[in-house]
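1. here is the input, now give the coordinates:
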Amino acid sequence: MENKIIYSISLSIRAQKDLQKSFNWYEDQKVGLGSRFTKEAADLFRTIKQNPKLFSIKDKFYREVGMSSFPFLVIYRINRKHAIRIVSVFHTSQNPKKKYRQAQ
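-> Next comes the predicted model:
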């Protein structure tokens with residue numbers, strides 16, 4: 001029987017702020033849209049936690065994956081202790097140089 005690694009997952013302060021700001025913006029556009037946004041983000045976080053190496057390394061040790069219904073990338077890293085850190089939920093219209101800025 002194969003041993004499955006169990007990963008923990010956490011969100012940086014930056015990622016938390018990104019989610020809250022985006023939820024508020026979408027909810028202001030249409031009631032319920034903010035909830036759809038956060039549900040899709042949570043589903044993607046679950047996918048990342050279940051199989052964090054599914055998505056390729058893009059910059060040094062950062063990985064990213066796009067949301068399917070919203071113009072955002074989830075930027076994350078995996079440390080040696082099987083902990084996943086969601087660094088940011090990055091809107092693709094932003095300057096791409098800011099994608100991998102170190103999070104708090």
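
2. which strands and helices lie in contact with the strand or helix carrying Val89?
-> According to DSSP states H and E, Val89 maps onto strand 83-91. Secondary-structure packing of strand 83-91 (3 or more CB pairs under 8 Å, 6 or more residues apart in numbering; DSSP states H and E): strand 8-11, helix 13-29, helix 33-50, strand 72-78. For every residue, glycine as well, the C-beta is placed using N, CA and C.

3. and that strand, which residues are buried?
-> For strand 83-91, burial by neighbour count (16 or more other CB atoms under 10 Å) applies to Ile84, Arg85, Ile86, Val87, Ser88, Val89, Phe90.

4. for Ser93, which non-adjacent residue is closest in space?
-> Counting by CB to CB, 6 or more residues apart in numbering, Ser93 lies nearest to Pro71, which is 6.7 Å off, once chain neighbours are set aside.

5. so that neighbour touches Gln94, yeah?
-> No - taking contacts as CB atoms under 8 Å, Pro71 lies outside contact range of Gln94: 10.0 Å.

6. turn the buried residues of strand 83-91 into CSV, including distance to Gly32.
-> Listed next are the buried residues of strand 83-91 as CSV, based on distance: CB to CB, whole Å:
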residue, distance to Gly32
Ile84, 29
Arg85, 30
Ile86, 24
Val87, 28
Ser88, 24
Val89, 19
Phe90, 23
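
7. going by distance to Gly66, which of those residues wins?
-> Phe90 (9.8 Å; CB to CB).

8. picking up where we left off before, average pLDDT across the strand holding Val89?
-> When pLDDT is averaged along strand 83-91, the result is 94.

9. what is the most widely separated pair among the buried residues of strand 83-91?
-> Of all pairs in those, the most separated under CB to CB is Ile84 and Phe90 at 16.1 Å.

10. show the pLDDT at the residue nearest the centre of the chain.
-> Centroid-nearest residue in the chain: Val74, 2.9 Å away (criterion: CA atoms, centre = their mean). pLDDT for Val74: 96.

11. what does Lys58 give?
-> pLDDT at Lys58 comes out at 89.
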